[in-house]
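from the sequence below, what's the structure:
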Amino acid sequence: MSDELIRLSAVAAVQRLRRGEVSPLELLDAATARIQATDGALNALPILCLERARAQARRLSEHSPGDPGPGWLAGLPIAVKDLNPVAGVRCTYGSPIYAKHIPQRSDALVDRLEARGAVVIAKSNTPEFGAGASTFNEVFGRTHNPWNLGRSVAGSSGGSAAALAAGQVWLATGSDLGGSLRTPASFNGVVGLRPTPGRVPHAPTVMPWNSLSVNGPMARSVADTALFLDAMAGVHPEDPLSLAAPDRDFQSAVAQAEVPARLAYTPDLGLFPVDREVAELCLQAVTLLAGQGTQVEQAAPDLHDAMDCFQSLRAALFAAGHLSHYREHKDLLKPEVVWNIEKGLQQPGETLADAEVQRGEIHRRMLGFLGQHALLACPTALVPPFPVEWRYVEEANGQRFATYLDWIGITAVFSLSGCPALSVPVGLTAEGLPVGLQLIAPPRQEAALLAAGAALEQLIGFPARLPVDPRNGD
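So this is what the prediction gives:
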């Protein structure tokens, strides 16, 4: 029974919960057993909160709302990234500075999800303060990829992605500054959505007007991702950028999905050294859409200046957000975080002013491009999952990168635009490692983006491969 339950989709599990065919406590037991069986190899969910979860599951079993709406999760166990505080549960942010930190209140996203029937069972591993697209830290160590335990899960939502792929939970939260929802989704064969800024509340925070970093959903399928986004979306009084939930729920858009009428495809944006196998698998996926009637044009927006712009704005964000950590605990911060803070503090005001203007121009160029093509498709990551010992990718296809962030440029450049971006798994390399295709839509068009992703997913059928039992490379 436990094995059957962990193999259910989130949509199917919630349907069973709503009909009373299974209880929140039964799903909690199934998830707990799966975590105990697999997390010794993965290290995806290092913080468990089982007693708290049981109390929440019992409350939901006793008090079910009459008309809960489309985002009601009905007692489904989920994982929350260890950047989002959960009241009474250890929250380290992946940093030794907060190794013993226990917050007294949850953040807005956790409050909303629990109010909509989620049961938080665990916190997922993340790099220190979400910095760097490889999930390791000095508190809990490295997270391993269930497809090959010798490979990375990417980051920074790597613990969430690995937990989903291995069937430890049905849904998991993530966040995305430069690709932290999308790159781990690609590396682990799951779905990750970076929504439009404001679509999912982000509060409380010392920088409430920050629109580079967003919270978002991760799941094993596009339909499950739409369910989770319905649970997350809506205005929150502490988030000045938050958007009202749309009149039509995201699950309805996915249920009526058809292949998109047209899209642009680029293997590399004309900027990045993409691995040959990655490019081939992504092209095969787009070719499948073309075979079903999608008009595909090979084209790319002009983003030649986007990575420099992103680096400048990200550095300023790190300097503002972590200045107190730098002043008081510099010796405890990993080198990459120190570098990012110092870059933000040392860069001239003129550089930051130029970057703000550049971002506006990049936004306008993206709107113009998507006005012509509706959607853009390109690889989510430049490379397949790399060895777990690597801190980051230093080179690809013979091109050496200047910083630890450059290898995620193919996702980071879209973070500047305000456009939602979705990573959908499209196949496995010859070594059996997952590869994702990234789809980008105009701002606030998550419904169209999810519908396109669902249509592609139906052609490929990747969710049938999940969950996977953790396996060694041999």
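
find the centremost residue of this protein, please.
Closest residue to the average C-alpha location of the chain: Leu181 at 1.9 Å, with CA atoms, centre = their mean.

low-confidence stretches in the protein?
Regions of the chain meeting the criterion pLDDT under 70 cover residues 66-67, 474.

if we go to 90?
The chain contains residues with pLDDT under 90 at 1-2, 61-69, 256, 473-474.

the residue nearest to the centre of the chain contacts Val190, doesn't it?
No - counting by CB atoms under 8 Å, Leu181 does not reach Val190; the two are 10.1 Å apart. In short, each C-beta sits where N, CA and C put it, glycine included.

overlap in contacts, these two.
Met218 (CB atoms under 8 Å, 6 or more residues apart in numbering).

nearest spatial neighbour of Pro434, skipping sequence neighbours?
Gly189 (3.4 Å; CB to CB, 6 or more residues apart in numbering).

can you count the residues close to that neighbour?
If you count neighbours by other CB atoms under 10 Å, Gly189 ends up with 28.

okay but it is in contact with Ala464, surely?
No - taking contacts as CB under 8 Å, Gly189 lies outside contact range of Ala464: 11.1 Å.

would you map the helices across the stretch 301-450 of the chain?
306-329, 335-346, 349-373, 409-415, 446-460 (DSSP state H, counting those that start in this stretch).

what about Ala279, distance to Pro387?
21 Å (CB to CB, to the nearest Å).

these two: who's more crowded?
When neighbours are counted by other CB under 10 Å, Ala279 and Pro387 differ, and Ala279 comes out ahead with 17 against 10.

which SS class is that one?
Look at Ala279: counting by DSSP: H, G, I helix; E, B strand; the rest coil, its state is helix.

next one: Val80
Three-state assignment for Val80 (three-state DSSP): strand.

any idea how far Leu50 lies from Gly75?
Taking CB to CB as the measure, Leu50 falls 15 Å from Gly75.

higher neighbour count, the two?
Neighbours were counted for Leu50 and for Gly75 using other CB under 10 Å; Gly75 has more, 27 against 15.

phi, psi for Ala31 please.
With angles defined as degrees, to the nearest 10, Ala31 sits at phi -70, psi -40.

ok, now which ones touch it?
6, 77, 121, 168-170.

which two in these are spaced the farthest apart?
The largest separation in the contacts of Ala31, counting by CB to CB, is between Ile6 and Ile121 at 12.2 Å.

these two: which is more packed in?
The residue with more neighbours, out of Ile6 and Ile121, is Ile121; 27 against 21, by other CB under 10 Å.

which element is the more buried one on?
Taking DSSP states H and E as the definition, one finds Ile121 inside strand 118-124.

buried sites along that strand?
Burial within strand 118-124, assessed by neighbour count using 16 or more other CB atoms under 10 Å, is assigned to 118-124.

closest one of the residues you listed to Glu394?
Ser124 (26.1 Å).

what bridges to the closest one?
Lys81 (DSSP bridges).

how close does it get to Pro184?
To Pro184, Ser124 is 10 Å away according to CB to CB.

and for Gly130?
Taking CB to CB, one finds Gly130 at 11 Å from Pro184.

follow-up on the earlier one: contacting residues around the residue nearest to Pro434?
Contact analysis of Gly189 by CB under 8 Å, 6+ apart lists 147, 165, 425, 428, 434, 436, 462, 465-466, 468.
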